[in-house]
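Q: Dropping the sequence and predicted coords here.
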Amino acid sequence: MHAVTTPEGAITIARQKRRSNARLTMPQTTKPPRLTLARAPFWHRAAEWLLHALAVSAVVAIVLILVFIAKEAAPILYAKVVRDEVTLGKMWVPQLWPGYDESSSVWQPVSDIPKFGLWPLILGTIKVTIVSMAVSVPLGVGAAVYVSQYARPRTGEIVKPIVELLAGIPSVVLGFFALMVMASWFQDLFHLESRLNALVSGVALSFAVIPVIFTLSEEALRAVPRSYVEASIALGAARWQTIARVILPAASPGIAAGVALGLGRAVGETMIVLMASGNAAIVSASFADSARTISATIAAELAEVVFGGAHYTVLFFLGTLLFLVTFGINSVGDWAIRRMKRRLGSAT
Amino acid sequence: MSADGTVATAERAAAANLATVRTRRNFFADGALAIASGAALAIVLAILTVILFDTIRHGLPHLSLSFLTEAPREGMTQGGIFPAIIGMVEMVILMTLAGVPIGVATAIYLHEYASPVSPLTRAIRIAVANLAGVPSIVFGLFGLGFFVQFLGAGIDKAFFHGEKVYGQPALIWAAATMAVLTLPVVIVATEEALRAVPRELREASLALGATKFQTIFNVVVPQASAGILTGTILAVSRGAGEVAPILFTGAAYFLPLLPKGLSSQFMSPSYHVYVLSTQSPDVDATKPILYATVLVLLGLTFTLNIAAVVVRARMRRRAGVAA
């Protein structure tokens, strides 16, 4: 039934499409004639109702997630206990704290004067994400190009599940490896001051992102119709020209989807960063400095806060922020996948 | 696959015949692209190899039967991880019981009942795709906010006169949170399997007078069981390895006793690795135990993932033959 997905089938379809009047002779997929079936017993229908009810669980889950995180974050807008310590404005706008020369955004939730400036966390998240994307995009897309364009099909069959194994490594194991092994290597290699920093955690994070980018890119590259390749070669293009100027652009929505989903993963991933980034909430542009991300902050601090207090509320606010950002990024990725499937057509 | 090979060969022959293509610049550019992309793949495979090798080298010497069957001793520097393994197994079983039926039902609905263009179907698909992308720490927050503070506290108020029984982090809430997290895995794998069931089987069943429901449960679902198994295996692998969702919903650092019931806290190897490697006062003393635990975790997830690949490959081969 999936004959269409094999390259052979794709060619047949493509050829049939090229002959403009072929459509008339192509067998239409007719719907089977509708028969009146025996009336189902009551419990069949009851079971079907149950099935339908369960089917909305994913929608319910995503709504409940948003509602219940936002619910715990909402007191920041109205509760006096919370607003005495922190408001939305105080989180976003740098404040002139006692003891500081100029106004700054500081994250010090447990001090005499709790400070909930978000910018150190946001900068930390961005820094770690940049490192991880800078490593994972070239590696993920490059490996996908090799597997889909140069490797023999059999090699691809073996390599793909192996890369999926990388995706299967629990993030806590990657975090452990970064903390125990990579951090020392990086320190020796680059003579870094702090052992745990944005660079190490970003590189470790890229190990979790690479499989996402690889899998989707490979799928997209493979889905480019053979006719494109044939046309390019017929025009006298070399292999690299075909790949760089025909295949990659044709697959770009799929690759973009992979990059977007990988980005979503990078922004939200917790354990790797929590274990390997050093977790110092500082404002610094250097990748060699320790960094604290939003996700790691939640993981590290939530266990020790007073329920319903200012700190607790702010952490849930950060969770809501993280949810919305990743939801946005993933929606873009999801949209790109749909677009690719529509464009490369009916082939998949 | 042979078809793919022939096409590639034909194409290579075609390229070779075009004399204009064989300029020196193209020759080098072709080589450079092949080497660069090949190097990318080599690096990715090297990363995997190094992680595996390092873990085995340091973890294997400490791995023994007693490590798997003993409780930790002397402030986690001696003994094994037995309670953690039991805790993980219990959590994963509960997660599977809660999550897999819902995931399978959703997939059946999506593929067998729903109209592909209805707004509800679209909403479900978007929700599934986005659920897969929600950061695991957000699931942890959700588990705390919804299961522990809302459901758990509600149950306590209704049945235990406000005494804290379920209104605190517990095995059942960690499992429930993990079930929601792994829902997309099950749905996607099951739907793929349903898609591979030939239409003729459904038609034959319907033609014999079976109702739609009978057709689905007696013909289609048994055919798709390999896919459901794949989804379950992947979900278990994911559930066993995740830490962030159970941080606030039930995982404990050290418990002298095994979990007594659904409302107990539990130990888990993944959480064990996190706590031991970040909060241990004496890292060198715990290092052998840590590495052995990581090896157990890695061995478990690799075995499960390979099993999933094998089951899926077999399913695809069979579907190919059927079509």
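A: Received the coordinates, thanks.
Q: Isn't A:Val106 up against A:Trp97?
A: Yes - in terms of CB atoms under 8 Å, A:Val106 counts as a neighbour of A:Trp97; the distance is 6.2 Å. For the C-beta atoms, the positions are set from N, CA and C on the backbone; glycine is no exception.
Q: Need the overlap of contacts for these two.
A: Common neighbours of A:Val106 and A:Trp97, using CB atoms under 8 Å, 6 or more residues apart in numbering or on different chains, are A:Lys115.
Q: Sketch out the low-pLDDT regions of the stretch 1-150 of chain A for me.
A: A:1-40 (pLDDT under 70).
Q: can you map out the strands along it?
A: Using DSSP state E, counting those that start in this stretch, the strands of the stretch 1-150 of chain A run over A:107-108, A:115-116.
Q: Neighbouring strands - and their directions - for the first one?
A: Within its sheet, strand A:107-108 is paired with strand A:115-116 (antiparallel), according to DSSP bridges.
Q: Report the distance from the partner strand to the chain centre.
A: Here strand A:115-116 is found 29 Å from its chain centre; the criterion is CA atoms, centre = their mean, to the nearest Å.
Q: Comparing A:Val106 and A:Trp97, which residue is more hemmed in?
A: The residue with more neighbours, out of A:Val106 and A:Trp97, is A:Val106; 20 against 16, by other CB atoms under 10 Å in any protein chain shown.
Q: Give me the distance between B:Glu112 and A:Leu51.
A: Distance of B:Glu112 to A:Leu51, computed by CB to CB, to the nearest Å: 9 Å.
Q: Equivalent analysis for A:Met180, please.
A: 48 Å.
Q: same check, this time on A:Ala256
A: Distance, A:Ala256 to A:Leu51, by CB to CB: 36 Å.
Q: And the average pLDDT for the one helix or strand B:Leu201 maps to is what?
A: Assigned by DSSP states H and E, B:Leu201 belongs to helix B:199-207. Helix B:199-207 shows a mean pLDDT of 92.
Q: Distance from the very next helix or strand once past it to the middle of the chain?
A: Going down the chain from helix B:199-207, the next helix or strand is helix B:212-214, by DSSP H and E. Counting by CA atoms, centre = their mean, helix B:212-214 is centred 30 Å from the centre of its parent chain.
Q: cool, stretch B:102-120 as well?
A: Relative to its parent chain, stretch B:102-120 has a centroid offset of 22 Å by CA atoms, centre = their mean.
Q: cool, stretch B:78-91 as well?
A: Stretch B:78-91 sits 19 Å away from the centroid of its parent chain (CA atoms, centre = their mean).
Q: ok, now stretch A:258-278?
A: Taking CA atoms, centre = their mean, one finds the center of stretch A:258-278 at 8 Å from the center of the full chain.
Q: Kindly export it (C-alpha atoms) in CSV.
A: Provided in CSV are the C-alpha atoms of stretch A:258-278 (Å, rounded to 0.1, in the frame of the first residue of the first chain):
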residue,chain,number,x,y,z
GLY,A,258,13.8,19.9,12.2
VAL,A,259,15.7,23.0,13.3
ALA,A,260,12.6,24.5,14.9
LEU,A,261,11.8,21.3,16.8
GLY,A,262,15.4,21.0,17.8
LEU,A,263,15.3,24.6,19.0
GLY,A,264,12.2,23.9,21.1
ARG,A,265,14.0,21.0,22.6
ALA,A,266,17.1,23.1,23.4
VAL,A,267,15.2,25.9,25.0
GLY,A,268,13.2,23.5,27.2
GLU,A,269,15.7,20.8,28.1
THR,A,270,16.4,20.8,31.8
MET,A,271,18.7,18.1,33.2
ILE,A,272,21.7,18.5,30.9
VAL,A,273,21.8,22.3,31.6
LEU,A,274,21.1,21.9,35.3
MET,A,275,24.0,19.5,35.7
ALA,A,276,26.6,21.1,33.4
SER,A,277,26.1,24.8,33.1
GLY,A,278,27.3,25.8,36.6
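Q: what about A:Trp185, is that helix, strand or coil?
A: helix (DSSP: H, G, I helix; E, B strand; the rest coil).
Q: Contacts only, for it.
A: So A:Trp185 contacts nothing (CB under 8 Å, 6+ apart).
Q: would A:Gly156 count as being in a helix?
A: Yes - if the criterion is three-state DSSP, then A:Gly156 is within a helix.
Q: Contacts only, for it.
A: With contacts defined as CB under 8 Å, 6+ apart, the neighbours of A:Gly156 are A:147-148, A:218.
Q: how about those residues in a markdown table, adding distance to A:Lys71 and neighbour count?
A: Below are these laid out as a markdown table (distance: CB to CB, whole Å; neighbours: other CB atoms under 10 Å in any protein chain shown):
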| residue | distance to A:Lys71 | neighbour count |
| --- | --- | --- |
| A:Val147 | 45 | 28 |
| A:Ser148 | 46 | 23 |
| A:Glu218 | 41 | 27 |
